[in-house]
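Q: I need the structure of the sequence given here:
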Amino acid sequence: MIVALSGGIGGAKLALGLSRVLPAGALTVIANVGDDFEHLGLAISPDIDTLTYTLAGLDNADLGWGRRDETWSFMDTLAAIGGETWFRLGDRDLALHVERTRRLARGETLSAITRDICRRLGASARILPVTDDAVRTRLKTSEGWMDFQPWFVGRRAEPAVSELVFAGAAAARPSPDVLAALAEAEAIVICPSNPFISIEPMLAVSGVEATLRASRAPVVAVSPIIGGRAVKGPTAKMMGELGMSSSARAVAERYDGLLNVYVADETDAGTLDGLGCRVVLAPTLMTTLTDKEALARVVLRAAAEAR
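A: Numbers count the residues shown, from 1 in each chain. Here you go, the predicted model:
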């Protein structure tokens, strides 16, 4: 059993690679819920949905988010009648949010709903929300405190960030399936997701980080930074704003002794000495399916050697 902690796009790429090189049923992905929010009266779970679509082969490769072969009649009509359009919901994607909202209102847990939707859509790995409780990432910015999605999507991550909080995390409890998966894991993989807004909200949920640190399974992280730049998203920008260097080394140091192995791009050779964990250098840019599978094999080999 391999357990991966993942946010959305970048993490989903590695999760797909892992799912393709591991035996069926061997991968569990624990998903961030700090990005979740309510929009237009609907419960939106962006990272869970990106993982679901990617692992089901339904992802929109052109946009990098949402569903393949999407149509936009709902958004066009909403715009025509003066509705909020800053967060775009495609017609196919909309159906998932409507169904999730209906079932949550009926008293089902996010974990149960996610499990059923993954089964129906044919996702190639088990996806577990880190918690069924509400955890929301909030950012202190140059324009005041903002919820994550209005900052990230609505303002295109432009306001500078000086602080993050994960509202509800201290009181939240990981689901029993999450704790069981971590306890049974042969290796734990931290995907190349933004450490601040994808991984740390999960570690902030009561008991999750402590369970990782107590695990006898090796913890292997993959850097989301290549040569000082983020492949996608605001990771590098946020690092500078938070007073950190934009580097693969700074990401590893952010995990503060949690790691047994750190996988970084070959571009960053010579910058990672003395980290306190084993460093493995490999091509980490995942452009093609072959890239994803190759990096997954590197990660699994590093975990096996660490065991």
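Q: quick one, helices of the protein?
A: Under the criterion DSSP state H, the chain contains helices at 9-21, 46-55, 73-80, 91-105, 110-121, 148-149, 176-184, 200-203, 208-214, 235-241, 248-254, 289-306.
Q: Now do the same for the nearest residue to Gln149 once chain neighbours are set aside: its pLDDT.
A: In space, and not counting its chain neighbours, Gln149 is closest to Phe37: 5.0 Å by Cβ to Cβ, 6 or more residues apart in numbering. Just so you know, the C-beta spots here come from the backbone N, C-alpha and C atoms, and that holds for glycine as well. Listed pLDDT for Phe37 reads 97.
Q: Tell me the bridge partners for Phe37.
A: Ile44 (DSSP bridges).
Q: Is it in contact with His97, as I believe?
A: No: using Cβ atoms under 8 Å, Phe37 is not in contact with His97, being 11.0 Å away.
Q: Pull up the overlap in contacts between those two.
A: Common contacts of Phe37 and His97, defined by Cβ atoms under 8 Å, 6 or more residues apart in numbering, comprise Ile44.
Q: export stretch 36-51 as PDB, just CAs?
A: The C-alpha trace of stretch 36-51 is given here as PDB (Å, rounded to 0.1, in the frame of the first residue of the first chain):
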ATOM      1  CA  ASP A  36     -13.100  23.700  -0.600                       C
ATOM      2  CA  PHE A  37     -15.700  26.400  -0.600                       C
ATOM      3  CA  GLU A  38     -19.300  27.200  -1.200                       C
ATOM      4  CA  HIS A  39     -20.100  29.000  -4.500                       C
ATOM      5  CA  LEU A  40     -23.500  29.700  -6.000                       C
ATOM      6  CA  GLY A  41     -25.000  27.600  -3.200                       C
ATOM      7  CA  LEU A  42     -22.900  24.600  -4.200                       C
ATOM      8  CA  ALA A  43     -20.200  22.600  -2.300                       C
ATOM      9  CA  ILE A  44     -17.000  22.800  -4.400                       C
ATOM     10  CA  SER A  45     -14.000  20.600  -3.700                       C
ATOM     11  CA  PRO A  46     -11.400  21.600  -6.400                       C
ATOM     12  CA  ASP A  47      -8.500  19.300  -5.400                       C
ATOM     13  CA  ILE A  48     -10.700  16.300  -4.900                       C
ATOM     14  CA  ASP A  49     -12.300  16.800  -8.300                       C
ATOM     15  CA  THR A  50      -9.000  17.400 -10.100                       C
ATOM     16  CA  LEU A  51      -7.700  14.100  -8.600                       C
END
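Q: Buried residues of that stretch, list them for me.
A: Asp36, Phe37, Leu42, Ala43, Ile44, Ser45, Pro46, Asp47, Ile48, Asp49, Thr50, Leu51 (16 or more other Cβ atoms under 10 Å).
Q: Pull the distance from that stretch to the chain's centre.
A: Distance of stretch 36-51 from the chain centroid (Cα atoms, centre = their mean, to the nearest Å) equals 13 Å.
Q: can you list the residues that contact that stretch?
A: Residues contacting stretch 36-51 (Cβ under 8 Å, 6+ apart): 6-9, 11-12, 15, 29, 31-33, 35, 59, 65, 83-84, 87, 89, 93-94, 96-98, 100-101, 104, 110, 114, 123, 127, 129, 134-136, 147-149, 198.
Q: Which strands or helices does the helix or strand of the chain with the lowest mean pLDDT pack on?
A: The least trusted helix or strand in the chain, going by mean pLDDT, DSSP states H and E, turns out to be strand 229-230, with a mean of 88. Applying 3 or more Cβ pairs under 8 Å, 6 or more residues apart in numbering; DSSP states H and E, we find strand 229-230 packed against helix 235-241.
Q: follow-up on the earlier one: filter the contacts of stretch 36-51 down to the buried ones, PyMOL style.
A: To isolate the buried ones among these in PyMOL, judged by 16+ other Cβ under 10 Å, type:
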select buried, resi 6+7+8+9+11+12+15+29+31+32+33+35+59+65+87+89+93+94+96+97+100+101+104+110+114+123+127+129+134+135+136+148+149+198
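Q: how far does stretch 182-189 stretch from start to finish?
A: 11 Å (Cα to Cα, to the nearest Å).
Q: Give the rounded mean pLDDT of it.
A: 95.
Q: can you start the count at 39 instead of 1 from here on
A: Sure, I'll start counting at 39 from here, so that last one is stretch 220-227.
Q: And that stretch, what's buried?
A: Leu220, Ala223, Ala225, Ile226, Val227.
Q: Skip the chain neighbours and tell me the closest residue to Ile151.
A: Nearest non-adjacent residue to Ile151 (Cβ to Cβ, 6+ apart): Arg141, at 5.0 Å.
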